[in-house]
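Enquirer: sequence unavailable; structure follows:
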(Lines give C-alpha, C1' and ligand atoms only; values in the text may rest on other atoms or scores of the structure.)
Protein backbone atom coordinates (compact mmCIF):
# COMPACT_ATOMS: atom_id res chain seq x y z
CA UNK A 1 0.00 0.00 0.00
CA UNK A 2 1.31 3.44 -0.91
CA UNK A 3 2.25 5.57 2.06
CA UNK A 4 1.22 9.15 1.26
CA UNK A 5 2.34 11.93 3.56
CA UNK A 6 2.24 15.70 3.24
CA UNK A 7 5.67 17.19 2.65
CA UNK A 8 6.82 20.55 1.32
CA UNK A 9 6.91 18.98 -2.15
CA UNK A 10 3.19 18.28 -1.82
CA UNK A 11 2.49 21.99 -2.26
CA UNK A 12 3.79 21.81 -5.81
CA UNK A 13 2.09 18.49 -6.58
CA UNK A 14 -1.28 19.63 -5.22
CA UNK A 15 -1.26 22.65 -7.50
CA UNK A 16 -0.19 20.80 -10.63
CA UNK A 17 2.87 23.00 -11.10
CA UNK A 18 5.93 22.18 -13.18
CA UNK A 19 8.98 23.73 -11.53
CA UNK A 20 10.94 23.19 -14.74
CA UNK A 21 8.80 25.96 -16.26
CA UNK A 22 7.88 28.24 -13.40
CA UNK A 23 8.40 29.08 -9.74
CA UNK A 24 6.09 28.54 -6.81
CA UNK A 25 5.43 31.47 -4.45
CA UNK A 26 3.26 31.05 -1.38
CA UNK A 27 0.18 33.27 -1.31
CA UNK A 28 0.16 33.73 2.45
CA UNK A 29 2.45 33.05 5.37
CA UNK A 30 0.44 30.19 6.91
CA UNK A 31 0.26 28.21 3.68
CA UNK A 32 3.40 26.17 4.30
CA UNK A 33 2.45 25.21 7.87
CA UNK A 34 0.24 22.27 6.87
CA UNK A 35 3.05 20.81 4.78
CA UNK A 36 5.60 20.53 7.56
CA UNK A 37 5.94 16.75 7.71
CA UNK A 38 6.43 15.12 11.09
CA UNK A 39 9.10 12.84 9.68
CA UNK A 40 12.24 13.18 7.52
CA UNK A 41 11.60 13.87 3.86
CA UNK A 42 13.68 14.67 0.81
CA UNK A 43 13.31 18.02 -0.96
CA UNK A 44 13.36 17.81 -4.76
CA UNK A 45 13.62 21.55 -5.51
CA UNK A 46 15.31 24.68 -4.25
CA UNK A 47 13.24 26.12 -1.40
CA UNK A 48 13.78 29.57 0.10
CA UNK A 49 11.82 30.66 3.16
CA UNK A 50 11.67 33.91 5.12
CA UNK A 51 10.32 33.51 8.64
CA UNK A 52 8.36 36.54 9.84
CA UNK A 53 6.80 35.01 12.92
CA UNK A 54 6.74 31.98 15.19
CA UNK A 55 9.57 29.51 15.61
CA UNK A 56 10.66 26.00 14.71
CA UNK A 57 13.52 23.56 15.00
CA UNK A 58 14.49 21.56 11.94
CA UNK A 59 17.27 19.18 11.08
CA UNK A 60 18.75 19.50 7.58
CA UNK A 61 21.26 16.84 6.51
CA UNK A 62 22.03 15.94 10.14
CA UNK A 63 22.50 19.54 11.35
CA UNK A 64 19.90 21.06 13.69
CA UNK A 65 18.77 24.65 13.07
CA UNK A 66 16.55 27.05 15.00
CA UNK A 67 14.10 29.11 12.94
CA UNK A 68 12.60 32.32 14.27
CA UNK A 69 11.49 35.74 13.05
CA UNK A 70 14.21 37.00 10.70
CA UNK A 71 15.53 33.57 9.74
CA UNK A 72 16.32 33.02 6.06
CA UNK A 73 16.02 29.33 5.15
CA UNK A 74 17.57 27.91 1.99
CA UNK A 75 17.16 24.25 1.06
CA UNK A 76 18.78 22.61 -1.95
CA UNK A 77 17.63 19.59 -3.99
CA UNK A 78 18.15 16.24 -2.23
CA UNK A 79 18.48 17.85 1.19
CA UNK A 80 16.91 15.68 3.87
CA UNK A 81 14.69 17.81 6.10
CA UNK A 82 13.32 16.74 9.46
CA UNK A 83 11.02 19.22 11.27
CA UNK A 84 11.51 18.60 14.99
CA UNK A 85 9.17 21.20 16.48
CA UNK A 86 6.98 23.79 14.75
CA UNK A 87 5.03 26.44 16.67
CA UNK A 88 1.36 26.98 15.84
CA UNK A 89 2.01 30.63 14.98
CA UNK A 90 4.78 29.93 12.44
CA UNK A 91 4.66 32.35 9.49
CA UNK A 92 6.96 31.86 6.50
CA UNK A 93 7.15 33.48 3.08
CA UNK A 94 8.32 30.72 0.72
CA UNK A 95 9.27 30.17 -2.90
CA UNK A 96 10.43 27.10 -4.83
CA UNK A 97 12.23 26.62 -8.12
CA UNK A 98 14.21 23.96 -9.95
CA UNK A 99 17.85 24.02 -11.05
CA UNK A 100 16.72 23.82 -14.68
CA UNK A 101 14.40 26.80 -14.30
CA UNK A 102 16.96 29.05 -12.68
CA UNK A 103 19.71 28.25 -15.19
CA UNK A 104 17.51 28.59 -18.27
CA UNK A 105 15.10 31.36 -17.30
CA UNK A 106 17.26 33.46 -14.99
CA UNK A 107 20.45 33.93 -16.98
CA UNK A 108 22.22 35.87 -14.23
CA UNK A 109 22.64 32.67 -12.26
CA UNK A 110 24.53 29.57 -13.21
CA UNK A 111 26.25 28.14 -10.17
CA UNK A 112 27.26 31.09 -7.98
CA UNK A 113 24.04 31.46 -6.03
CA UNK A 114 23.42 27.73 -5.95
CA UNK A 115 26.82 27.01 -4.41
CA UNK A 116 26.25 29.87 -1.96
CA UNK A 117 22.97 28.37 -0.76
CA UNK A 118 24.63 25.02 -0.11
CA UNK A 119 27.06 26.54 2.39
CA UNK A 120 24.56 27.54 5.09
CA UNK A 121 20.95 26.46 5.31
CA UNK A 122 19.75 29.00 7.89
CA UNK A 123 21.04 32.50 8.63
CA UNK A 124 19.53 35.25 10.77
CA UNK A 125 18.81 38.64 9.22
CA UNK A 126 18.95 42.04 10.88
CA UNK A 127 15.84 44.25 10.81
CA UNK A 128 16.97 46.16 7.71
CA UNK A 129 17.65 42.97 5.72
CA UNK A 130 14.35 41.45 6.86
CA UNK A 131 12.37 44.52 5.78
CA UNK A 132 14.10 44.73 2.38
CA UNK A 133 13.71 41.03 1.58
CA UNK A 134 10.13 41.13 2.82
CA UNK A 135 9.31 44.03 0.50
CA UNK A 136 10.98 42.33 -2.49
CA UNK A 137 9.12 39.11 -1.75
CA UNK A 138 5.78 40.87 -1.50
CA UNK A 139 6.36 42.69 -4.80
CA UNK A 140 7.36 39.45 -6.54
CA UNK A 141 4.40 37.55 -5.09
CA UNK A 142 1.87 40.29 -5.87
CA UNK A 143 2.95 40.45 -9.50
CA UNK A 144 3.17 36.65 -9.81
CA UNK A 145 -0.52 36.36 -8.88
CA UNK A 146 -1.71 39.43 -10.80
CA UNK A 147 -4.31 39.03 -13.54
CA UNK A 148 -1.95 39.32 -16.50
CA UNK A 149 1.68 38.84 -15.43
CA UNK A 150 4.33 39.37 -18.10
CA UNK A 151 6.98 36.65 -17.99
CA UNK A 152 9.90 39.05 -18.51
CA UNK A 153 8.80 41.36 -15.69
CA UNK A 154 8.25 38.38 -13.41
CA UNK A 155 11.74 37.07 -14.19
CA UNK A 156 13.34 40.43 -13.38
CA UNK A 157 11.52 40.66 -10.05
CA UNK A 158 12.56 37.11 -9.20
CA UNK A 159 16.15 37.93 -10.21
CA UNK A 160 16.18 41.01 -7.96
CA UNK A 161 15.00 38.92 -5.02
CA UNK A 162 17.64 36.24 -5.62
CA UNK A 163 20.40 38.82 -6.06
CA UNK A 164 19.51 40.38 -2.72
CA UNK A 165 19.51 36.94 -1.08
CA UNK A 166 22.91 36.25 -2.59
CA UNK A 167 24.15 39.57 -1.19
CA UNK A 168 22.93 38.60 2.27
CA UNK A 169 24.88 35.33 2.10
CA UNK A 170 28.03 37.04 0.83
CA UNK A 171 27.84 39.55 3.70
CA UNK A 172 27.28 36.77 6.24
CA UNK A 173 30.24 34.77 4.94
CA UNK A 174 32.55 37.80 5.20
CA UNK A 175 31.79 38.00 8.91
CA UNK A 176 32.49 34.32 9.48
CA UNK A 177 35.78 33.50 11.15
CA UNK A 178 38.37 31.53 9.22
CA UNK A 179 38.06 27.76 9.46
CA UNK A 180 40.66 25.70 11.25
CA UNK A 181 42.19 22.75 9.41
CA UNK A 182 40.08 20.38 11.50
CA UNK A 183 36.88 22.30 10.65
CA UNK A 184 37.77 22.36 6.96
CA UNK A 185 38.38 18.62 6.88
CA UNK A 186 35.10 18.05 8.71
CA UNK A 187 33.23 20.10 6.11
CA UNK A 188 34.85 18.09 3.32
CA UNK A 189 33.87 14.85 5.04
CA UNK A 190 30.20 15.85 5.30
CA UNK A 191 30.16 16.95 1.66
CA UNK A 192 31.41 13.49 0.71
CA UNK A 193 28.95 11.80 3.06
CA UNK A 194 25.95 13.59 1.55
CA UNK A 195 27.13 12.50 -1.89
CA UNK A 196 28.11 8.88 -1.23
CA UNK A 197 26.16 7.65 1.82
CA UNK A 198 23.86 5.44 -0.28
CA UNK A 199 26.75 3.39 -1.62
CA UNK A 200 29.55 3.78 0.92
CA UNK A 201 29.49 3.16 4.66
CA UNK A 202 33.14 2.19 5.18
CA UNK A 203 35.40 4.61 7.06
CA UNK A 204 38.27 3.67 4.78
CA UNK A 205 36.44 5.02 1.72
CA UNK A 206 36.04 8.51 3.18
CA UNK A 207 39.60 8.56 4.49
CA UNK A 208 40.94 7.56 1.08
CA UNK A 209 38.88 10.25 -0.64
CA UNK A 210 40.33 12.87 1.70
CA UNK A 211 43.88 11.48 1.52
CA UNK A 212 44.16 10.92 5.27
CA UNK A 213 44.27 7.85 7.48
CA UNK A 214 41.05 6.51 9.02
CA UNK A 215 42.55 7.15 12.45
CA UNK A 216 43.25 10.81 11.69
CA UNK A 217 39.82 11.37 10.15
CA UNK A 218 38.16 9.72 13.14
CA UNK A 219 40.08 11.96 15.53
CA UNK A 220 39.18 15.09 13.59
CA UNK A 221 35.47 14.29 13.35
CA UNK A 222 35.19 13.36 17.02
CA UNK A 223 37.07 16.51 18.06
CA UNK A 224 34.91 18.86 15.99
CA UNK A 225 31.48 17.21 16.28
CA UNK A 226 31.75 15.23 19.54
CA UNK A 227 30.51 12.17 17.63
CA UNK A 228 32.27 9.35 15.78
CA UNK A 229 32.50 8.82 12.04
CA UNK A 230 30.35 5.71 12.34
CA UNK A 231 27.68 7.71 14.15
CA UNK A 232 27.37 10.25 11.33
CA UNK A 233 27.37 7.63 8.59
CA UNK A 234 24.65 5.66 10.37
CA UNK A 235 22.63 8.82 11.07
CA UNK A 236 22.62 9.77 7.40
CA UNK A 237 21.53 6.31 6.27
CA UNK A 238 18.81 6.14 8.93
CA UNK A 239 17.51 9.63 8.12
CA UNK A 240 17.19 8.77 4.44
CA UNK A 241 15.65 5.37 5.24
CA UNK A 242 13.00 7.03 7.40
CA UNK A 243 12.19 9.41 4.57
CA UNK A 244 11.67 6.55 2.11
CA UNK A 245 9.61 4.54 4.58
CA UNK A 246 7.24 7.43 5.30
CA UNK A 247 6.95 9.11 1.89
CA UNK A 248 7.14 6.24 -0.62
CA UNK A 249 5.67 2.78 -1.11
CA UNK A 250 9.09 1.18 -1.58
CA UNK A 251 9.46 -2.15 0.20
CA UNK A 252 12.21 -2.81 2.72
CA UNK A 253 13.86 -4.98 0.07
CA UNK A 254 13.86 -2.10 -2.43
CA UNK A 255 15.17 0.36 0.14
CA UNK A 256 17.91 -2.09 1.11
CA UNK A 257 18.96 -2.32 -2.54
CA UNK A 258 19.00 1.48 -2.95
CA UNK A 259 21.22 1.78 0.11
CA UNK A 260 23.57 -0.94 -1.09
CA UNK A 261 22.82 -3.54 1.59
CA UNK A 262 23.70 -7.02 0.34
CA UNK A 263 20.57 -8.51 1.91
CA UNK A 264 17.26 -7.02 3.10
CA UNK A 265 17.80 -8.69 6.48
CA UNK A 266 21.04 -6.74 6.93
CA UNK A 267 19.16 -3.49 6.35
CA UNK A 268 16.44 -4.51 8.82
CA UNK A 269 19.03 -5.34 11.49
CA UNK A 270 20.87 -2.07 10.85
CA UNK A 271 17.63 -0.08 11.08
CA UNK A 272 16.48 -1.78 14.28
CA UNK A 273 19.91 -1.43 15.90
CA UNK A 274 19.80 2.33 15.32
CA UNK A 275 16.11 3.04 15.95
CA UNK A 276 14.86 0.28 18.21
CA UNK A 277 12.19 -0.83 15.72
CA UNK A 278 11.97 -2.66 12.41
CA UNK A 279 11.41 -0.75 9.14
CA UNK A 280 7.80 -1.96 8.98
CA UNK A 281 7.15 -0.93 12.58
CA UNK A 282 8.48 2.55 11.83
CA UNK A 283 6.34 2.83 8.68
CA UNK A 284 3.18 1.97 10.61
CA UNK A 285 4.02 4.24 13.55
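Expert: The structure has been received and is ready for your questions. None of the values given here were measured: they were computed from a predicted structure. Residues are numbered from 1 along each chain as shown.
Enquirer: I'd like the next helix or strand past the host helix or strand of residue 170.
Expert: Using DSSP states H and E, the secondary-structure element containing residue 170 is helix 151-174. Proceeding N to C from helix 151-174, the next assigned helix or strand is helix 181-196, under DSSP H and E.
Enquirer: hey, which helix or strand in the chain has the poorest pLDDT?
Expert: helix 8-14 (a mean of 59; mean pLDDT, DSSP states H and E).
Enquirer: mean confidence score for the helix or strand that that helix is followed by?
Expert: As assigned by DSSP H and E, the chain's next helix or strand after helix 8-14 is strand 24-25. Across strand 24-25, the average pLDDT comes to 77.
Enquirer: same check on stretch 210-219?
Expert: Model confidence over stretch 210-219 averages 95 on the pLDDT scale.
Enquirer: next one: stretch 262-271
Expert: For stretch 262-271, mean pLDDT is 94.
Enquirer: who's in contact with it?
Expert: The contact list for stretch 262-271, computed with Cβ atoms under 8 Å, 6 or more residues apart in numbering, reads 234, 237-238, 241, 252-253, 255-256, 259, 261, 277-279, 282. Yep, even glycine has a C-beta here, placed from its N, CA and C like the rest.
Enquirer: what subset of those residues is buried?
Expert: 234, 237, 238, 241, 252, 255, 256, 259, 261, 279, 282 (16 or more other Cβ atoms under 10 Å).
Enquirer: let me see the contact set for the second one.
Expert: Think residue 237. For residue 237, the contact set (Cβ under 8 Å, 6+ apart) comprises 197, 198, 201, 259, 270.
Enquirer: looking at neighbours, which among these is most surrounded?
Expert: Neighbours here mean other Cβ atoms under 10 Å. Within these, the largest count is held by residue 197, at 22 neighbours.
Enquirer: what's the distance between that one and residue 25?
Expert: In this structure, residue 197 lies at 32 Å from residue 25, with Cβ to Cβ, to the nearest Å as the measure.
Enquirer: residue 159 now?
Expert: Relative to residue 25, and taking Cβ to Cβ, residue 159 is found at 14 Å.
Enquirer: the more surrounded of the two?
Expert: Remark: of residue 159 and residue 25, residue 25 carries more neighbours, 21 against 17, as counted by other Cβ under 10 Å.
Enquirer: gap between that one and residue 139?
Expert: Using Cβ to Cβ, which is the criterion applied here, residue 25 is 11 Å from residue 139.
Enquirer: kindly report the same for residue 120.
Expert: On the measure of Cβ to Cβ, residue 120 and residue 139 end up 25 Å apart.
Enquirer: related to what we said a few turns ago, mind putting the contacts of residue 237 into a markdown table with distance to residue 230?
Expert: Output for the contacts of residue 237, formatted as a markdown table (distance: Cβ to Cβ, whole Å):
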| residue | distance to residue 230 |
| --- | --- |
| 197 | 12 |
| 198 | 17 |
| 201 | 9 |
| 259 | 16 |
| 270 | 12 |
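Enquirer: tell me the confidence at the residue nearest to residue 46 when sequence neighbours are not counted?
Expert: Once flanking residues are discounted, residue 46 sits nearest to residue 97: 5.3 Å by Cβ to Cβ, 6 or more residues apart in numbering. pLDDT recorded at residue 97 is 81.
Enquirer: tell me who's in contact with residue 97.
Expert: Contact criterion Cβ under 8 Å, 6+ apart gives 19, 23, 24, 45, 46 as the residues in contact with residue 97.
Enquirer: go ahead and confirm the fourth one touches residue 74.
Expert: This points to residue 45. No: with contact taken as Cβ atoms under 8 Å, residue 45 and residue 74 are classed as non-touching, separated by 11.8 Å.
Enquirer: ok, back up a step: could you list every helix and strand that the helix holding residue 170 packs against?
Expert: For helix 151-174, the contact count by 3 or more Cβ pairs under 8 Å, 6 or more residues apart in numbering; DSSP states H and E identifies strand 71-75, helix 112-119, strand 122-124, helix 127-144 as packing neighbours.
Enquirer: burial count for residue 223?
Expert: Counted with other Cβ under 10 Å, the neighbours of residue 223 add up to 12.
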